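[1] just need the structure, nothing else, for what follows:
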Amino acid sequence: MTVQDIRAFNRFYTNVIGALDYSRHLYAPFTLTESRVLYELAHSPRTDAADLRAELSLDAGYLSRILNRFEQDGLVERAPSERDPRRRQVTLTVRGRETAALLAERADESVGALLATVPEADRPRLAEALHTVRTVLSASDTHRPRPEDVVLREPGPGDLGWIVQRNAALYAAEYDFNADYEGLVARIVADFAEDHDPHLERVWIAELDGRAVGCVMCVRDDAPGTARLRLLLVEPDARGLRIGDQLVAAVVEFARGVGYRDLVLWTNDILGAARRIYQRHGFVLAAEKPHRSFGQDLVGQDWRLDLHEPH
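    Presented below is the predicted three-dimensional model:
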């Protein structure tokens, strides 16, 4: 395998998929990059320009020009981010969502037409070849996990203790929390273990390759008709697989399914990644207040999701 082998394949494949003339290929006035930005906004509806830039590895000026054009065409709206007024939240308008859906439909049709030229007997070989390319180039000779490899399950023996131990260890390592935090987590987990209603309260463990890599809890709140999301955690080496999104989505679906009206949570403003997950699922900041806890000066935040509103 040489550099020229890969370059030759790149020239071949970009021609096959029409990447060099993408707008004509899909009969749409968008470049491949612009279409990808629309795709990301459609699949992560509550995001900001910095998130997009990081996700797509785009130059800030280039992305800004794309978003300016989209805003002029009525495809997106921009406003100060709720979590950081210095950042700009980007959301698709109704027209933007319709445009993204049309592009996705045409892309599916284009790939379907390409696949139709491949004999049925050759398709498994093609699928395996594509999988091999992705695996080799994304992780060298090691297996790179995918979001679909993650399994959400109920806790087994020892898992509740694992929740306490990993919360204490990770928050100490990443935020310098002291043992007070471990005590809080231990009380939350003990209360659940000793007395919970399995019809209205639940714990999820995220498992990858046979080991626990994340967790979250849904418990009853003191307010009638309200559930509380607690102890969302994802192991550092498993981040980037949307495990946090899967766990929060499981809580929202469960809480809505059993009839709760509201879902609330308490967090701190330093937990930026977690806040972005909550916002993507429709949570709204209800209140915040400075406090001294776990050996740190923090800003506590209360977030709320109305389960009767569509998101």
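[2] helices of the stretch 51-200 of the chain, residue ranges please.
    Counting by DSSP state H, counting those that start in this stretch, the stretch 51-200 of the chain has helices at residues 60-72, 94-116, 123-139, 159-175, 179-194.
[3] got the phi and psi for residue 227?
    phi -110, psi 160 (degrees, to the nearest 10).
[4] could you list the buried residues of stretch 79-94?
    81, 83, 89-90, 92 (16 or more other CB atoms under 10 Å). C-beta here means a position set from N, CA and C on the backbone, and glycine is covered the same way.
[5] partner strands of the host helix or strand of residue 263 and their direction?
    Taking DSSP states H and E as the criterion, residue 263 maps to strand 262-268. Strand 262-268 pairs in its sheet with strand 226-234 (parallel), strand 296-306 (antiparallel), by DSSP bridges.
[6] hmm, who's touching that strand?
    218, 221, 223, 225-230, 232, 251-252, 255, 274-275, 278, 283, 286, 298-307 (CB atoms under 8 Å, 6 or more residues apart in numbering).
[7] hang on, the earlier thing: switch the helices of the stretch 51-200 of the chain over to TSV; also include mean pLDDT.
    TSV is the format used below for these (pLDDT from 0 to 100):
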stretch	mean pLDDT
helix 60-72	90
helix 94-116	87
helix 123-139	77
helix 159-175	94
helix 179-194	96
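[8] secondary structure class for the nearest residue to residue 281 once chain neighbours are set aside?
    Excluding the flanking residues, the one nearest residue 281 by CB to CB, 6 or more residues apart in numbering is residue 248, at 5.2 Å. With DSSP: H, G, I helix; E, B strand; the rest coil as the basis, residue 248 sits in helix.
[9] quick check: residue 248 touching residue 275?
    No. Shown here, residue 248 and residue 275 do not form a contact pair, counting by CB atoms under 8 Å, at 11.3 Å.
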